[in-house]
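Novice: Here you go, sequence then predicted model.
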Amino acid sequence: MITVRGLTKFFGDTPVLNGIDLDIEQGEIIVVIGPSGTGKSTLLRCINMLESPDQGHITLGGHHVDFDRVSNDDRLALRRKTAFVFQNYALFANKNALENVAERLIVVDGWPKAKAHARAGELLDRVGLNDKHTAYPAALSGGQQQRVGIARAMAANSDLILFDEPTSALDPEWVDEVLSVMKQLARERQTMLVVTHEMQFARDVADRVIFMSGGNIVEQGPPEALFSAPKDPRTRSFLRKVLGPQAASSE
Amino acid sequence: MQILDFGYMAELFPYLLGKLPITLGMASAGMLCALVLASGLAIVRVVQPPLVNGAAKLFISFFRGTPLLVQLFLFYYGLPQLIESLVKIDGVTATILGLTLHFSAYMAESIRAAIVGIDRSQTEAALSIGMTQSQLMRRIVLPQATRIAVPTLMNYFIDMIKSTSLAFTLGVTELMGATQKEASSSFLYFEAFLTVAVIYWVVVELLSRLQKLMERKLNKAYQR
Ligand SMILES: Nc1ncnc2c1ncn2[C@@H]1O[C@H](COP(=O)(O)OP(=O)(O)OP(=O)(O)O)[C@@H](O)[C@H]1O
Ligand SMILES: [Mg+2]
């Protein structure tokens, strides 16, 4: 179980996260939705320590970190227990698909190269890239790059994989192949925290949907409940916008 | 009466070629040392650790802001006056030292630009999988930055080869020094300096070709 308490983040004087509390069960699939600029990415980036939170604390994989006093070791520990899938894939341009996935195993976990490459190969096969092991990112489509990005995140055997709008930068034709890889991961009960605008994915896969607005968690619950009977007016208005008027009320 | 003494030039040519190793040796040594120093300076300028950053800025500003010849004289004539053990600093050492410091200041800026040019998302990806700053520099950023910086660095190497000619003012008998001596005993100045000019020209031309080849190869890297 992962516990986040009172996570607070300012950019300058502007509060972006106002004391987020979040519990994540092992194997739980959570989807985060909400309007632009409400701090969804910042929440994920704070858990991964790509941003430094100002207050609060987190317990993850037996490691407790107080955001008031974060040591370098805490930062590395949190990053090594989580994995991040970026909107723009962020693959290492100087490494081929296999090396991108194996990098962490070699550098962080100290695996011998041959073993790391063998494992990376298995992961690439699992995301359907059997024939692309030695391709560089520049030679891959967006969908293929993002699948390498997911394989890279899987390599860590993380307590939690964070997805920040993994399909938003993709041409529509590549969205499905990425979503289906994520669905497969969900079936294997990999703990996931996913920011996405793909509402169908949320309905099909999420155990829980979190609606964020203005740096707060406004409402959360199982997808059926949240989509069919949103309680907060902000949730209703957001869902009306993304689903159309009838979809938010009916079903 | 003939305009040029070709016979003299033909005689001088192989003799001067014999001095080419000194010229290229000083330039190569200077380049190697400058690469190391410039990489260090560039990383300091990117990471900006408080005190060291100021020192690096001052260093770069000074060695870019003063003529190489002045720097060479400072090391060769000036330093021994300050530090006893340097009394025997020879012309070759002083030249290599001068080339290193002078060119590292320029090269640091192009390496810095290349590092900054690597998009930030790759750095974040490296951090996100738990790499340390130095691991991500070594394994992700520097290899890509090198590729971007190589053509510019080659230009500096070419510039450095030509700059070794200043070593003759410190009494080093490299290409230029040797030519100067020959010319003042034969009085055939035009022939002598034309010969040495051709030698520099051919060397630089060969390196420019090499540079183009490398560029083409580097552009193809990471593509398939
Ligand atoms: N590095 C930064 N410096 C200053 N402000 C920032 C920075 N990153 C984000 N912000 C601001 O913080 C707020 C939350 O941003 P965040 O990216 O977390 O929103 P989001 O919910 O992910 O939005 P989107 O759906 O557009 O991705 C926004 O107002 C944004 O402008
Ligand atoms: Mg975002």
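Specialist: Looks like it arrived, so ask away. Residues are numbered from 1 along each chain as shown, chains lettered A, B, ... in the order given. Ligands and ions are numbered 1, 2, ... in the order given.

Novice: Now do the closest residue to ligand 1 within chain B against residue B:127, distance only.
Specialist: Closest residue of chain B to ligand 1, CB to the nearest ligand atom: residue B:120 (10.7 Å). (Glycine included, C-beta is placed from N, CA and C.) Distance of residue B:120 to residue B:127, given as CB to CB, to the nearest Å: 10 Å.

Novice: The two: which is more packed in?
Specialist: Between residue B:120 and residue B:127, residue B:127 has the larger neighbour count (other CB atoms under 10 Å in any protein chain shown), namely 20 against 9.

Novice: Output the longest helix belonging to chain A.
Specialist: For chain A, the helix with the greatest residue count under DSSP state H is helix A:172-187.

Novice: typed the wrong thing, it's chain B
Specialist: helix B:189-220.

Novice: list the helices and strands the lowest-mean-pLDDT helix or strand in chain B packs on?
Specialist: Within chain B, no helix or strand scores below helix B:79-82, which has a mean of 85 by mean pLDDT, DSSP states H and E. For helix B:79-82, there is no helix or strand it packs on, judged by 3 or more CB pairs under 8 Å, 6 or more residues apart in numbering or on different chains; DSSP states H and E.

Novice: Dump the C-alpha coordinates for it into PDB.
Specialist: C-alpha atoms of helix B:79-82 as PDB (Å, rounded to 0.1, in the frame of the first residue of the first chain):
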ATOM      1  CA  LEU B  79      55.500  32.600 -15.100                       C
ATOM      2  CA  PRO B  80      59.200  31.700 -14.400                       C
ATOM      3  CA  GLN B  81      59.600  35.100 -12.800                       C
ATOM      4  CA  LEU B  82      56.900  34.200 -10.300                       C
END
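
Novice: C-terminal to it, what's the next element?
Specialist: Per DSSP states H and E, helix B:79-82 leads on to helix B:91-117 as the next helix or strand towards the C-terminus.

Novice: quick one, what contacts residue A:186?
Specialist: With contact taken as CB atoms under 8 Å, 6 or more residues apart in numbering or on different chains, residue A:186 is in contact with A:29, A:192, A:205.

Novice: Return the closest of those residues with respect to chain B.
Specialist: Nearest to chain B out of those is residue A:192 (CB to the nearest CB; 15.1 Å).

Novice: Hmm, residue A:30 and that closest one touching each other?
Specialist: Yes - contact criterion CB atoms under 8 Å: residue A:192 and residue A:30 qualify, at 6.9 Å.

Novice: Neighbour count: the two, which is higher?
Specialist: residue A:192 (25 against 21).

Novice: who's in contact with residue A:15?
Specialist: A:8-9, A:215.

Novice: oh sorry, the question was meant for residue A:66
Specialist: Residues near residue A:66 by CB under 8 Å, 6+ apart: residue A:57.

Novice: Can you tell me who it pairs with across the strands?
Specialist: Assessed by DSSP bridges, residue A:66 has beta-bridge partners residue A:57.

Novice: still on that earlier bit, any idea of the mean pLDDT for the longest helix of chain B?
Specialist: For helix B:189-220, mean pLDDT rounds to 93.

Novice: next one: stretch B:43-50
Specialist: 90.

Novice: mind checking how far that stretch is from the chain centre?
Specialist: Distance, stretch centre to chain centre, for stretch B:43-50: 23 Å (CA atoms, centre = their mean, to the nearest Å).

Novice: cool, and stretch B:213-224?
Specialist: 24 Å.

Novice: Could you do stretch B:22-40 as well?
Specialist: 6 Å.

Novice: send the alpha carbons of that stretch over as CSV?
Specialist: In CSV, the C-alpha atoms belonging to stretch B:22-40 read as follows (Å, rounded to 0.1, in the frame of the first residue of the first chain):
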residue,chain,number,x,y,z
ILE,B,22,56.5,19.1,-33.9
THR,B,23,53.6,21.3,-35.2
LEU,B,24,51.1,18.5,-35.2
GLY,B,25,52.4,17.1,-31.9
MET,B,26,51.9,20.5,-30.1
ALA,B,27,48.4,20.9,-31.7
SER,B,28,47.3,17.3,-30.8
ALA,B,29,48.6,17.5,-27.2
GLY,B,30,46.9,20.9,-26.8
MET,B,31,43.7,19.6,-28.3
LEU,B,32,43.6,16.6,-25.9
CYS,B,33,44.2,18.7,-22.8
ALA,B,34,41.8,21.3,-24.0
LEU,B,35,39.0,18.7,-24.6
VAL,B,36,39.4,17.5,-21.0
LEU,B,37,39.5,21.0,-19.5
ALA,B,38,36.7,22.2,-21.7
SER,B,39,34.4,19.3,-20.8
GLY,B,40,34.9,20.1,-17.2
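
Novice: Now residue A:159. Nearest residue, chain neighbours left out?
Specialist: Closest residue in space to residue A:159, ignoring its immediate chain neighbours: residue A:61 at 4.2 Å, by CB to CB, 6 or more residues apart in numbering or on different chains.

Novice: Quick one: residues contacting that neighbour.
Specialist: Per CB under 8 Å, 6+ apart, neighbours of residue A:61: A:2, A:81, A:159.

Novice: same thing with residue B:37?
Specialist: Going by CB under 8 Å, 6+ apart, residue B:37 touches B:100-101, B:104, B:108.

Novice: Check the separation of the first and last residues in stretch A:47-55.
Specialist: Criterion CA to CA, to the nearest Å; first-to-last residue distance in stretch A:47-55 is 12 Å.

Novice: Give the buried residues for it.
Specialist: Across stretch A:47-55, burial judged by 16 or more other CB atoms under 10 Å in any protein chain shown covers A:47-51, A:53-54.

Novice: is it possible to export those to CSV including secondary structure?
Specialist: Formatted as CSV, the buried residues of stretch A:47-55 follow (DSSP: H, G, I helix; E, B strand; the rest coil):
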residue, secondary structure
A:47, helix
A:48, coil
A:49, coil
A:50, coil
A:51, coil
A:53, coil
A:54, coil
